[in-house]
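Novice: I would like to see how this sequence folds:
(one chain, ligands or ions: 2)
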Amino acid sequence: MNDRTLAGTGATPRAGVGTVVWYRPDAELEEPPEDGVDEDEELGRFAEARSVAREELERERERTAERVGDEEAAVFDAHVQFLDDPQIEDGVEAAIEDGLPAEHAVERAFADPIEQFEGMEGRMSERADDLRDVRDRLVRLLTDGERTDLSTLPDGTVVLAERLTPSDTAQLDPERIAGFATATGERTSHAAIFARSLALPAVVGVGGELNEIGDGTTVVVDGDDGEVVVNPDSERRAATADGREADVRHDPVATEDGTEIDVAANVGRPAELDAAKSQGADGVGLFRTEFLFLDRDAPPIEDEQYEAITEALAAFPDGRVVVRTLDVGGDKQIPYLDQPEEENPFLGERGIRRSLGPDEDPFETQLRALLRAGAAEGGDLAVMFPLVATVGELDAALERVESVAADLADEGVEHAVPELGVMIETPGAVFAAEELAERVDFLSIGTNDLAQYVMAAARENGRVADLHDPLHPPVLRAIETSVEAAHANDAWIGMCGEMAGNPNLTEVLVGLGLDELSMSAVTIPDVKANVSKTTREAARALADRVLAAETKETVTELVEEP
Ligand code: PEP
Ligand code: MG
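Specialist: Ligands and ions are numbered 1, 2, ... in the order given. Below is the predicted model of the structure:
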């Protein structure tokens, strides 16, 4: 019998078993001296701690960029900015003038900004974690506090902590850590995002009870069910240990009656290629090229983009790598691209609209890199355009491809035009799917945006989350229309929105006729397993029942039936 089970929020659908090491970085401060401090000395100590903190952050930034990716590493830039924030600096100086030692002054100066960010909505509230991270770093440096070295923990450690900051998680070695659980945190907190991109078992938001688990205890961290199992019985331990390895299938999968379905990975940064391979991806179904443009002052040059694409092709020599051209706008802002302030950015200059307008130069550079990569060794390259709403946009994009190919030919540069495709993300594209499919090799359904535009419910707005759900019949019918249009025009069709990675929906998606499903690496093993458990006929019968349903509730019942 398991001793007890604590409930939290699963961050990654993975389970791990291991031995607890508590991480308690908060140094207890001694009472400040009653007779004040030497102001100059304390200001000097603060300046010194700040400069060491800056050096540490720069090192951690580099290390994260290497191990995880540039996007995650960018958080350390925000930390450096907090170090230099004049409001905080003034606060520390004022507290020292009031007679506090530097470490107490730091705690006092950070208290208000932390509280302000905590009171904000959504992503801004996560800034409070960043501020705490910077505060704790300074206090540690000022108190010589010993910090547990997270990078050298023994194999099979489960880290428990009140919270893990971005710098903490960056130090965790996914090869050695069996998982982590934190008392605080949400699915969108930094720690949870890191865990997902590294397929690390993690449960967040367990609450204060987590503190009752002592160092050295054996626990299962089950990110699937969102629970921490204390002293698991042998059955639970074995199920966890087996589950991590046994499910991964490196070969392509087919339904019982032989319909092959490509199960591919969505990637955005180099470290995700390794995760994709280790989870058995057949290829890449969506390479979000935005990551190449983030966290810098100017667009990446052609060679840099060529290198990144050929790295993905080399990672999947027998598979296909679908690269999406730059998709900025909406919530994706890149400062140097001069994006306008728009009243409704999700209905404004996004995706292909920018590539054919203000970003035509970066688009041309990207197409040059892509066409050169089309001739490179490795897997098969495919290229698709985001947020297309009209046939005219696709024609214009295809013209750009032709003209770039002509330029490369004139210059004598080796190149090949890859397979070309369109994302189906707008109602306009659904209604024009026949004409779009006639012009390209494939379609790929982005259900995150498609659901938002079909249901008129913003994808980031929790108040309409129930409407932003691809199980609403209008979205399912849009998918069916797109699949029929693709197949009637000899094009293949994939899905790369989050819907594709929900293993409960695999059978219905196979039944709807999708040829490829692309998702975050962690769900690949479950989706592959579910493909091989069904038959084309059974899947189609389910799809027909689902398409006949009038409400999302009926659809949900149908897909959840055992
Ligand atoms: C989508 O919209 O479903 C999609 C895959 O694109 P993104 O999430 O990057 O907008
Ligand atoms: Mg999209």
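Novice: separation between Cys496 and Glu126?
Specialist: To Glu126, Cys496 is 26 Å away according to Cβ to Cβ, to the nearest Å. For the C-beta atoms, the positions are set from N, CA and C on the backbone; glycine is no exception.
Novice: just Leu337 next, same as before
Specialist: 24 Å.
Novice: likewise for Ala192?
Specialist: Taking Cβ to Cβ, one finds Ala192 at 10 Å from Glu126.
Novice: next, count neighbours for the closest residue to ligand 2 within the stretch 251-400 of the chain.
Specialist: Ranking the residues of the stretch 251-400 of the chain by distance to ligand 2 (Cβ to the ion) places Pro386 first, at 5.9 Å. Per other Cβ atoms under 10 Å, the neighbour tally for Pro386 reads 27.
Novice: what packs against the helix or strand harbouring Thr64?
Specialist: If you go by DSSP states H and E, Thr64 is part of helix 39-67. Based on contacts counted as 3 or more Cβ pairs under 8 Å, 6 or more residues apart in numbering; DSSP states H and E, the elements that helix 39-67 packs against are helix 70-73, helix 75-83, helix 86-97, helix 102-118, helix 122-143, helix 166-171.
Novice: may I see the buried residues of the longest one?
Specialist: Applying a neighbour-count criterion of 16 or more other Cβ atoms under 10 Å, the buried positions in helix 122-143 are 126-143.
Novice: ok so, going back, angle of the helix holding Thr64 against helix 102-118?
Specialist: 50 degrees (axes from the mean of the first three to the mean of the last three Cα atoms, to 10 degrees).
Novice: helix 39-67 - what's its average pLDDT?
Specialist: The average pLDDT for helix 39-67 rounds to 87.
Novice: stretch 202-219 now?
Specialist: On average, stretch 202-219 scores 91.
Novice: next one: stretch 300-314
Specialist: Stretch 300-314 comes out at a mean pLDDT of 96.
Novice: export it to PDB, keeping only CA atoms.
Specialist: Below are the C-alpha coordinates for stretch 300-314, written out as PDB (Å, rounded to 0.1, in the frame of the first residue of the first chain):
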ATOM      1  CA  PRO A 300      19.200  36.100 -38.000                       C
ATOM      2  CA  ILE A 301      21.200  36.100 -41.200                       C
ATOM      3  CA  GLU A 302      20.600  33.600 -44.000                       C
ATOM      4  CA  ASP A 303      23.400  31.200 -42.900                       C
ATOM      5  CA  GLU A 304      22.200  31.100 -39.400                       C
ATOM      6  CA  GLN A 305      18.700  30.100 -40.500                       C
ATOM      7  CA  TYR A 306      20.200  27.600 -42.900                       C
ATOM      8  CA  GLU A 307      22.200  26.000 -40.100                       C
ATOM      9  CA  ALA A 308      19.200  25.700 -37.800                       C
ATOM     10  CA  ILE A 309      17.000  24.100 -40.500                       C
ATOM     11  CA  THR A 310      19.700  21.600 -41.600                       C
ATOM     12  CA  GLU A 311      20.300  20.700 -38.000                       C
ATOM     13  CA  ALA A 312      16.700  19.600 -37.800                       C
ATOM     14  CA  LEU A 313      17.000  17.700 -41.200                       C
ATOM     15  CA  ALA A 314      20.100  15.900 -39.900                       C
END
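Novice: so which residues make contact with it?
Specialist: If you take Cβ atoms under 8 Å, 6 or more residues apart in numbering as the criterion, stretch 300-314 is touched by 267, 270, 273, 284, 287, 289, 292-293, 321, 323, 365-366, 368-370, 372-373, 376-379, 381.
Novice: what of stretch 545-555?
Specialist: Asp469, Leu471, His472, Pro473, Leu476, Arg477, Glu480, Val508, Gly511, Leu558, Val559.
Novice: please name the nearest non-neighbouring residue to the third one.
Specialist: Closest residue in space to His472, ignoring its immediate chain neighbours: Lys552 at 4.8 Å, by Cβ to Cβ, 6 or more residues apart in numbering.
Novice: burial count for that neighbour?
Specialist: Number of residues near Lys552 (other Cβ under 10 Å) recorded here: 19.
Novice: if we can go back for a sec, the helix holding Thr64: which residues count as buried?
Specialist: For helix 39-67, using 16+ other Cβ under 10 Å, the buried residues are 42-43, 45-46, 49-50, 53, 56-57, 60-61, 63-65, 67.
Novice: residues in contact with Asp224?
Specialist: By Cβ under 8 Å, 6+ apart, the neighbours of Asp224 are Gly10, Pro13, Arg14, Ala15.
Novice: check which helix or strand covers it.
Specialist: Asp224 belongs to no helix or strand, assigned by DSSP H and E.
Novice: before we move on, what SS does Phe180 have?
Specialist: strand (DSSP: H, G, I helix; E, B strand; the rest coil).
Novice: from now on call the first residue 12
Specialist: New numbering, starting at 12: the last item is Phe191.
Novice: hmm, it is touching Leu175, no?
Specialist: Yes - taking contacts as Cβ atoms under 8 Å, Phe191 lies within contact range of Leu175: 6.5 Å.
Novice: overlap in contacts, those two.
Specialist: Both Phe191 and Leu175 are in contact with Ala202, where contact means Cβ under 8 Å, 6+ apart.
Novice: Ala22 and Val259, how far apart?
Specialist: Distance from Ala22 to Val259, by Cβ to Cβ: 20 Å.
Novice: which one of these two has more residues nearby?
Specialist: Looking at Ala22 and Val259 with other Cβ under 10 Å, you find the greater number of neighbours at Ala22, namely 30 against 13.
Novice: how many neighbours does the residue of the stretch 62-211 of the chain found nearest ligand 1 have?
Specialist: Using Cβ to the nearest ligand atom, the single residue of the stretch 62-211 of the chain nearest to ligand 1 is Glu82, 12.8 Å away. The number of residues packed near Glu82 is 18, by other Cβ under 10 Å.
Novice: wait, what's in contact with it?
Specialist: Here Glu82 is in contact with Gly279, Arg280, Phe302, Leu305, Asp306 (Cβ under 8 Å, 6+ apart).
Novice: please name the bridge partners of Val241.
Specialist: In this entry, Val241 is beta-bridged to Arg15, Val230, by DSSP bridges.
Novice: burial count for it?
Specialist: Under the neighbour criterion other Cβ under 10 Å, Val241 is assigned a count of 19.
Novice: name the nearest residue to Ala172, ignoring sequence neighbours.
Specialist: Tyr34 (4.2 Å).
Novice: just the pLDDT for that neighbour.
Specialist: Tyr34 is assigned a predicted lDDT (pLDDT) of 89.
Novice: next: Asp306.
Specialist: The per-residue pLDDT of Asp306 was computed as 68.
Novice: mind putting the helices and strands packed on helix 50-78 in TSV, mean pLDDT included?
Specialist: Listed next are the helices and strands packed on helix 50-78 as TSV, based on pLDDT from 0 to 100:
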stretch	mean pLDDT
helix 81-84	78
helix 86-94	87
helix 97-108	92
helix 113-129	90
helix 133-154	83
helix 177-182	70
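Novice: what does the helix or strand hosting Val394 rub up against?
Specialist: For Val394, the element it lies in under DSSP H and E is strand 391-396. Strand 391-396 is contacted from outside by 320, 324, 330-336, 362-363, 366, 381, 384-385, 404-405, 408, 412, 429-434, 452-453, 455, using Cβ under 8 Å, 6+ apart.
Novice: in strands only, show me these.
Specialist: Under the assignment DSSP state E, these contribute Arg331, Val332, Val333, Val334, Arg335, Glu430, Leu431, Gly432, Val433, Met434, Phe453, Ser455 to strands.
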